[in-house]
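J.: show me the folded form of this:
(chains A, B, C and D)
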2 protein chains.
Amino acid sequence: MVLEQPPASLVPALQKLHAARSTVGSATQRVIDFVLEHPNDVIHLSVTEVAEGSNSSEATVVRLFQNLGFKSYQDFKIRLSQSLVPTTRSFERRIESGDTAYTIFQKVFATSSLTLSDTLEHLEPAALERSVDLLIRARRITFVGVGGSGIVALDAHHKFFKLGLFCEAVPDPHNAAQVAALLGPDDVMVAISHSGTTQDVLHAVRIAKDNNASLIALTGLARSPLSKLADVTLNTTSPESRYRSEAVASRIAQLCIVDALVVALYLRDEERLGRHWQRARTALTEKRV
Amino acid sequence: MVLEQPPASLVPALQKLHAARSTVGSATQRVIDFVLEHPNDVIHLSVTEVAEGSNSSEATVVRLFQNLGFKSYQDFKIRLSQSLVPTTRSFERRIESGDTAYTIFQKVFATSSLTLSDTLEHLEPAALERSVDLLIRARRITFVGVGGSGIVALDAHHKFFKLGLFCEAVPDPHNAAQVAALLGPDDVMVAISHSGTTQDVLHAVRIAKDNNASLIALTGLARSPLSKLADVTLNTTSPESRYRSEAVASRIAQLCIVDALVVALYLRDEERLGRHWQRARTALTEKRV
DNA sequence: TTTTTCTTGTAATTTTATTTCATCACATTA
DNA sequence: TAATGTGATGAAATAAAATTACAAGAAAAA
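T.: Numbers count the residues shown, from 1 in each chain, chains lettered A, B, ... in the order given. Predicted coordinates:
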């Protein structure tokens, strides 16, 4: 078995295992498979137990991890436990009637954090690139969303506007359809709806599509009517929770997506957009004490 | 040494050690001190090495962790390594000109996540309780903020409104002062300003204080003119970052604070607020496909 | 003071990790 | 086809680490 010295390992422990899988013998492969299938258990298992679980021998287990560049089996377990940490277990996030304000804050923040990482994990790099492509070329950008999603639309408008882009937010369902009717093939509509089934939004979206405008969907359900109509879908995912609707938690992720889009656009055309942004910024400073 | 069975432990491993310190003997204290001083090294040390490092015996080390509720010394090391998982280092969050869209997303999301945990860490439990007290008793709640903070105000209004509370958002600086003039001693103003120095907001806040209204400040700088006027200050903290103003990152945390406040209020008076919330919810369902 | 309780370190024991070594499987070459 | 080399493997030996048993000593209670 030949293995290069692994790079300073930003890579979580499990990826190393996966990468090595094809270059090792059958017994060692069984060990790798076992570890990949039960990573959370392995943290608490001894060499002997792993050997038994994978129908191999202790020696094979020990050698595997040494060859992978870990100082010892224990060393591997430490690394592994560190890469497995992020999921605050759901029972630790569940809000109970008797919780103190601070406990509630802890749990709400934990859920939000989890929503962010879950969402990031499920976003497709290709979809992001396409979104940026569409937005940077757009003549005009319209953000549509009602209710809670309307807030996201306003936020997006606020930020895109600072970049000097021609854009508008339509948080009012009545106006949405009318604005959609004005869009053309060079324009982009960004439709925001957690459920992806909001009638008012769908109505506006259909009109926009009829006019050949491009459509980016920001939604919480991958297979919704809205995402079927969209050129690109950016999905948020969030864990269930009592006392706090999924929609609310996913809004945090949507705002974060907007933030990231703004930064990505900025870097695509720093020359033009940077100038606008600076001007908007200095105009604000005068308003401070 | 008497120790209650530790609660489901939202608490990182080290806090347990710290809490137990005063209830144990001198040798055990030396062990605790050693671990608290070198947590990152301990992860890789054996029982014997820890015993040597702390001038105690192996038995003392092993017993300490068993008494603290860990299954074994190894079990403790696993927990410890999980609580020590290095936060994404700042150079891994810094956005560079050449970054791909996906990389930018990773970095923006990482920064947001960090902002959330930083903010939570700095929030004072007492301040949270007082905020909830003030809000639940309020006759009328006014959210004030301009620009980006105006979005937070709107979001807060949207959510508090669903609980059936008498509230309003004033994202327009002109109206802010007028609305503030209408407030009385039973009312609460929630002022949102990242810098805590926004003239328009301060103006409105002073008027509100003159009318003896209570003031909750949502700000990003602890020692700002705004927080001096406030009865309670809820602070957001966020790491520096290029291409993305601190204000933008901290907005995520502000929204999260609002979310948590809503949940906390709800649980304080589930009877009354739950009824309202249910009604608002069912009214929405009809708008879906 | 005496008795009891709790803490501690030494040493024995058990568990766990690592190394050694003989064997086997497979590929290459004669 | 047989001979040879290479690397993977597991049984067993060894080493290391963790845990427990126990007796001595300190502190608290009677």
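J.: in the stretch 101-250 of chain A, which spans are helices?
T.: Using DSSP state H, counting those that start in this stretch, the helices of the stretch 101-250 of chain A run over A:101-122, A:125-137, A:148-162, A:173-181, A:199-210, A:225-229, A:246-268.
J.: which of the ones you listed sits closest to B:Leu265?
T.: Each of these has some distance to B:Leu265 by C-beta to C-beta; the shortest is helix A:101-122, at 9.5 Å. Glycine gets a C-beta too; all of them are placed from N, C-alpha and C.
J.: could you check the angle helix A:246-268 makes with that closest one?
T.: Counting by axes from the mean of the first three to the mean of the last three C-alpha atoms, to 10 degrees, helix A:101-122 lies at 50 degrees to helix A:246-268.
J.: now helix A:101-122: average pLDDT?
T.: Across helix A:101-122, the average pLDDT comes to 87.
J.: got it, and stretch A:269-276?
T.: The predicted model assigns stretch A:269-276 a mean pLDDT of 72.
J.: can you check stretch A:151-163 too?
T.: For stretch A:151-163, mean pLDDT rounds to 93.
J.: give the contact list for the residue nearest to A:His203 when sequence neighbours are not counted.
T.: Leaving aside its chain neighbours, A:His203 sits nearest to A:Ala177 (5.6 Å; criterion: C-beta to C-beta, 6 or more residues apart in numbering or on different chains). A:Ala177 makes contact with A:Asp200, A:His203, A:Ala204, A:Ile207 under the criterion C-beta atoms under 8 Å, 6 or more residues apart in numbering or on different chains.
J.: rerun at 7 Å
T.: By C-beta atoms under 7 Å, 6 or more residues apart in numbering or on different chains, A:Ala177 lies in contact with A:His203, A:Ala204, A:Ile207.
J.: most surrounded residue in the residues you listed?
T.: With neighbours taken as other C-beta atoms under 10 Å in any protein chain shown, the top of those is A:Ala204, carrying 27 neighbours.
J.: my guess is it contacts A:Ala176. True?
T.: Yes. At 3.7 Å, A:Ala204 counts as touching A:Ala176 under the criterion of C-beta atoms under 7 Å.
J.: mutual contacts of those two, please.
T.: Here A:Ala204 and A:Ala176 have A:Val144 as joint contacts, going by C-beta under 7 Å, 6+ apart.
J.: coming back round to it: would you quantify the distance from the residue nearest to A:His203 to B:Val144?
T.: Using C-beta to C-beta, to the nearest Å, one gets 32 Å for the distance from A:Ala177 to B:Val144.
J.: re the thing from before, from the contacts of A:Ala177, pick the one nearest A:His122.
T.: A:His122 lies nearest to A:Ala204 out of the contacts of A:Ala177, by C-beta to C-beta, at 26.0 Å.
J.: how about the residues of chain A by DNA strand D?
T.: Residues of chain A found near DNA strand D (C-beta under 7 Å from any atom of the strand) are A:1, A:24-29, A:55-60, A:63.
J.: which of those residues count as buried?
T.: Neighbour counting by 16 or more other C-beta atoms under 10 Å in any protein chain shown classes A:Val24, A:Ala27, A:Thr28, A:Gln29, A:Ser56, A:Thr60, A:Arg63 among those as buried.
J.: for the first one, give me the pLDDT.
T.: Okay, so that is A:Val24. On the pLDDT scale, A:Val24 gets 83.
J.: buried set for stretch A:130-143?
T.: A:Arg130, A:Ser131, A:Val132, A:Leu134, A:Leu135, A:Ile136, A:Ala138, A:Arg140, A:Ile141, A:Thr142, A:Phe143.
J.: so A:Thr48 makes contact with A:Glu58?
T.: Yes. A:Thr48 is in contact with A:Glu58 according to C-beta under 7 Å; the separation is 5.8 Å.
J.: distance check, A:Leu267 against A:Phe65.
T.: Applying C-beta to C-beta to A:Leu267 and A:Phe65 gives a distance of 40 Å.
J.: of those two, which one has the most company?
T.: Taking neighbours as other C-beta under 10 Å, A:Leu267 and A:Phe65 compare with A:Phe65 leading, 25 against 20.
J.: ok, residues contacting the helix or strand hosting that one?
T.: Counting by DSSP states H and E, the element that carries A:Phe65 is helix A:58-67. By C-beta under 7 Å, 6+ apart, the surrounding residues in contact with helix A:58-67 are A:Met1, A:Leu3, A:Ala27, A:Thr28, A:Val31, A:Val47, A:Thr48, A:Val50, A:Ala51, A:Tyr73, A:Phe76.
J.: pLDDT added to those, as a markdown table?
T.: Compiled in a markdown table, those are given as follows (pLDDT from 0 to 100):
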| residue | pLDDT |
| --- | --- |
| A:Met1 | 38 |
| A:Leu3 | 31 |
| A:Ala27 | 88 |
| A:Thr28 | 90 |
| A:Val31 | 92 |
| A:Val47 | 94 |
| A:Thr48 | 91 |
| A:Val50 | 93 |
| A:Ala51 | 93 |
| A:Tyr73 | 93 |
| A:Phe76 | 93 |
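J.: any idea which residue of the stretch 101-250 of chain A lies closest to DNA strand D?
T.: At 29.8 Å from DNA strand D, A:Ala110 is the closest residue in the stretch 101-250 of chain A, using C-beta to the nearest atom of the strand.
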